[in-house]
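> Okay, here's the prediction I keep looking at, along with the sequence it came from:
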Amino acid sequence: MLSRNISTRATRLLSTSRSSSPLHHHHGSSLNGGVITRGLFSLGKKQGSSRNKISAYVIISTTTLFALALSAYNYERWKHLYHGDTTTITSPPVTLDPKKKPRLVILGTGWAASEIVRKIDTDYYDVFVVSPRNYFLFTPLLAGSCVGTVAFQSVAEPMRKFCKRHGAIIKYYDAICTDIDYKNNTVVCTESAGISQADPEFKIEYDYLVVAVGGVSNTMGVKGVDQHCMQLKSIQDAIAIRRKIVGLLETACYPGQRPEEIDRLLHFVIVGGGPTGVEFSAELHDFLVEDVPRYYPGLESRVKITMVQSAEHILNTYDHKISIYAEEQFKRDGIELITSARVVDVSAETITVTNKATQVTKTIPYGMCVWSAGVAPNPLVYKLKDAIDSQKNNRALTADAFLRVKGIPNKNVFAVGDCVTVEQGKTLARLEEFFKMADKDKDGTLSVDELRYLFKQIVPEYPHLQAYAYGVKRLIAEHDLDKDGRLDINEFRSLLTQVDANLKSLPTTAQCAAQGGRYLSNTLNTIGRLPDATILPFEYRHSGSLAYVGGEHAVADIKGYTGGGWMQWWLWR
């Protein structure tokens, strides 16, 4: 019998691994309760740990107040500085019924879609939501739910609960959108439950459409990934991983198991060194180190975690110091890192990786492999993209600065979140114009203050320059070939060339998707109040990144600060 002081995490993992899912949602089944904020108070914690108690009671109020203050500050800071492009988004070209409110159809229930649903003003729109996933998922805690750190019910909230906040005015359909007829302002949907055999397909007309369907796991075309690897994109994925972990532990306990088979069963491989892969590895390590010795004595010395990363470092989108800190933490925890390697084949019991530099191939036996190597477009995105001649990007829909899908004449289809990339202008094309704007003293060179002035003026039009605004002195030092502390036009050309070369698409993160959702809801609400209102373009403002790396340690990469430790874990929690 388990001892009375069994940990919350182990209780959750062991009690639900073989039972029916507490969040049974497959092909449209209903979701059993649970709200996100309650989940933050039910995090698994060690016995007698005051740290977790402090974070549980304080973190929500402090982070909420901080976020509100930061949003107000940023708005006041930038609202008078905008000198870039604007647009006028008028009433829809084709109105279904002039006597009724325009119809807004939202595809998806992720971060972007849920933000729109929460903030859209239903006095101006009839709102319809279509998605085969009938709940909103709080993805930052999904990795923890795999090992019982947090309950499944605490990381999800039913979409109908979001809709009910508006007095059930917002209609939700548990269905899959299979096609978008943008010429006739219609979406084609099919039910996801597979119940109706007679006529499972239906159509919904729209005045405005928001495509927020997210993405799917990017298998990179590697053979065997779909058949043998676990994914981590949904509650169902987390449940499957939880069951697999316990199943492997139980199987390893069978009498007569060969030592080499036990080693294979208890070898956990994670492919992808981004935030999802790192946080899952950290949560898994905590469970294997803290709970396995108690309930599976003798197996703790046999468990092993290996991470495979194609880049040279894990968390390579963070500051380099963060990557090094996370790698050192993993090494201390005994997590093996295989970097600069690509997976070439996955079978039921082995994974084959090749070193990108030496081309040496290695076959690794495993018990469970979790694939988190990036995001690929949703099938609906491929279909819509292929139907529009001007859509040339192979990885996502291309939208303009106002999140309108390019190539659609009516300009009433928006895209937001992981399924879209925003077209961003190159600065080098306006070299002479920008140089003259910055050269206030007309001496033919740019000083530190003049370059700062230029960035301040053009950041609203080129938001990606904000990342460089904090390091103007360093930029000048890098491109000042004659070392006079100023940039002539050729040195300035070198600087803009580097800036354009480093230009990246918007990150596929919850933070970016939520900001896009808020932007669209505010835009649509403005259009509803003032049909010919002038709209500013979408501007993503990176507030920073945090990631859990295990052992009550996390890393933080926030403007002007990078570091790792317990305090960063408290902020992350």
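Received it, and whenever you're ready, just let me know what you need.

> Distance check, the nearest residue to Asp500 once chain neighbours are set aside against Lys406.
Leaving aside its sequence neighbours, Asp500 sits nearest to Lys426 (Cβ to Cβ, 6 or more residues apart in numbering; 4.8 Å). Where you see a C-beta, it was placed from the backbone N, CA and C, and this is true even at glycine. Counting by Cβ to Cβ, to the nearest Å, the gap from Lys426 to Lys406 is 17 Å.

> starting at the chain centroid, how far to the helix or strand containing Lys244?
Assigned by DSSP states H and E, Lys244 falls within helix 235-252. Taking the mean of its C-alpha atoms, helix 235-252 sits 24 Å from the chain's own mean (Cα atoms, centre = their mean, to the nearest Å).

> re the thing from before, neighbour count winner among Lys426 and Lys406?
Lys406 (17 against 13; other Cβ atoms under 10 Å).

> got a list of what the residue nearest to that one when sequence neighbours are not counted touches?
Excluding the flanking residues, the one nearest Lys406 by Cβ to Cβ, 6+ apart is Thr398, at 5.1 Å. Residues in contact with Thr398 (Cβ atoms under 8 Å, 6 or more residues apart in numbering) are Ser390, Gln391, Lys392, Val405, Lys406, Val420, Thr421, Val422, Glu423.

> Please produce a ChimeraX select command covering the buried subset of those.
Selection of the buried residues among the contacts of Thr398 in ChimeraX, burial being defined by 16 or more other Cβ atoms under 10 Å:
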select :391,405,406,420,421,422
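
> Name all residues that make contact with the spatially most central residue of the chain.
Closest to where the C-alpha atoms of the chain average out (Cα atoms, centre = their mean) is Thr509, at 2.6 Å. Neighbour list for Thr509: Ser545 [criterion: Cβ under 8 Å, 6+ apart].

> Can you list phi and psi of it for me?
For Thr509, the backbone dihedrals (degrees, to the nearest 10) come out as phi -120, psi 160.

> picking that back up, just the ones of the contacts of Thr398 in strands?
Val420, Thr421, Val422 (DSSP state E).

> now these as TSV including pLDDT?
Shown next, in TSV, are these (pLDDT from 0 to 100):
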residue	pLDDT
Val420	92
Thr421	88
Val422	85
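
> Output these in TSV, with distance to Gly560 appended to each entry.
Output for the ones in strands among the contacts of Thr398, formatted as TSV (distance: Cβ to Cβ, whole Å):
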residue	distance to Gly560
Val420	29
Thr421	28
Val422	25
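
> closest to Gly148 among the residues you listed?
Relative to Gly148, the closest of those is Val420; by Cβ to Cβ it sits at 34.9 Å.

> Give me the distance between that closest one and Ala513.
Counting by Cβ to Cβ, the gap from Val420 to Ala513 is 10 Å.

> and the gap between the residue nearest to Lys406 and Glu423?
Computed as Cβ to Cβ, the Thr398 to Glu423 distance reads 6 Å.

> Give the intersection of the neighbour lists for these two.
Jointly contacting Thr398 and Glu423 under the rule Cβ under 8 Å, 6+ apart are Lys406.

> My reading is that Val188 is in a strand; is that accurate?
Yes. Under DSSP: H, G, I helix; E, B strand; the rest coil, Val188 falls within a strand.

> quick one, phi psi at the residue nearest to it when sequence neighbours are not counted?
Counting by Cβ to Cβ, 6+ apart, Val188 lies nearest to Asp179, which is 4.1 Å off, once chain neighbours are set aside. Main-chain dihedrals, Asp179, degrees, to the nearest 10: phi -160, psi 150.

> Which residues are in contact with Asp179?
Applying Cβ under 8 Å, 6+ apart to Asp179 gives the contacts Val187, Val188, Leu380, Lys383.

> out of the residues you listed, which one sits closest to Val278?
Nearest to Val278 among these: Leu380, at 29.6 Å, using Cβ to Cβ.

> ok so, going back, got a ChimeraX select line for the buried ones in the contacts of Asp179?
A single ChimeraX command suffices to select whichever of these are buried according to 16+ other Cβ under 10 Å:
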select :187,380
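
> need the contacts of Asp179 in a markdown table with pLDDT, can you?
Shown next, in a markdown table, are the contacts of Asp179 (pLDDT from 0 to 100):
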| residue | pLDDT |
| --- | --- |
| Val187 | 98 |
| Val188 | 97 |
| Leu380 | 96 |
| Lys383 | 95 |
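
> How about the secondary structure of the spatially most distant residue from the centre of the chain?
Most distant from the centre of the chain: Asp443, at 46.2 Å, with distances by Cα atoms, centre = their mean. In three-state terms, and counting by three-state DSSP, Asp443 is coil.

> And the pLDDT for it?
Listed pLDDT for Asp443 reads 92.

> Against Glu450, how distant is it?
Counting by Cβ to Cβ - Asp443 and Glu450 are separated by 10 Å.

> Who are the contact partners of Tyr124?
By Cβ under 8 Å, 6+ apart, Tyr124 lies in contact with Lys101, Pro102, Leu524, Asn525, Ile527, Gly528, Arg529.

> swap in His320?
Each residue near His320 by Cβ under 8 Å, 6+ apart is listed here: His313.

> Over to it: give its phi and psi.
Per degrees, to the nearest 10, the backbone of His320 is at phi -60, psi -40.

> Equivalent analysis for Thr361, please.
Dihedral pair for Thr361: phi -100, psi 140, per degrees, to the nearest 10.

> which one is it nearest to, not counting chain neighbours?
Leaving aside its sequence neighbours, Thr361 sits nearest to Thr354 (Cβ to Cβ, 6+ apart; 4.8 Å).

> these two touch, right, that neighbour and Asp345?
No. In this structure, Thr354 is not within contact of Asp345 by Cβ atoms under 8 Å, at 9.5 Å.

> Just give me the neighbour total for Leu431.
There are 15 residues near Leu431, going by other Cβ under 10 Å.

> Could you verify that Ile176 is part of a strand?
Yes. Counting by three-state DSSP, Ile176 is found in a strand.

> who's in contact with it?
Residues near Ile176 by Cβ under 8 Å, 6+ apart: Pro132, Cys189, Thr190, Glu191, Ser192.

> hey, what's the closest residue to the second one other than its chain neighbours bridged with?
In other words, Cys189. Spatial nearest neighbour of Cys189, excluding adjacent residues (Cβ to Cβ, 6+ apart): Ala175 at 4.3 Å. For Ala175, the beta-bridge partners are Glu191 (DSSP bridges).

> Understood, closing this out.
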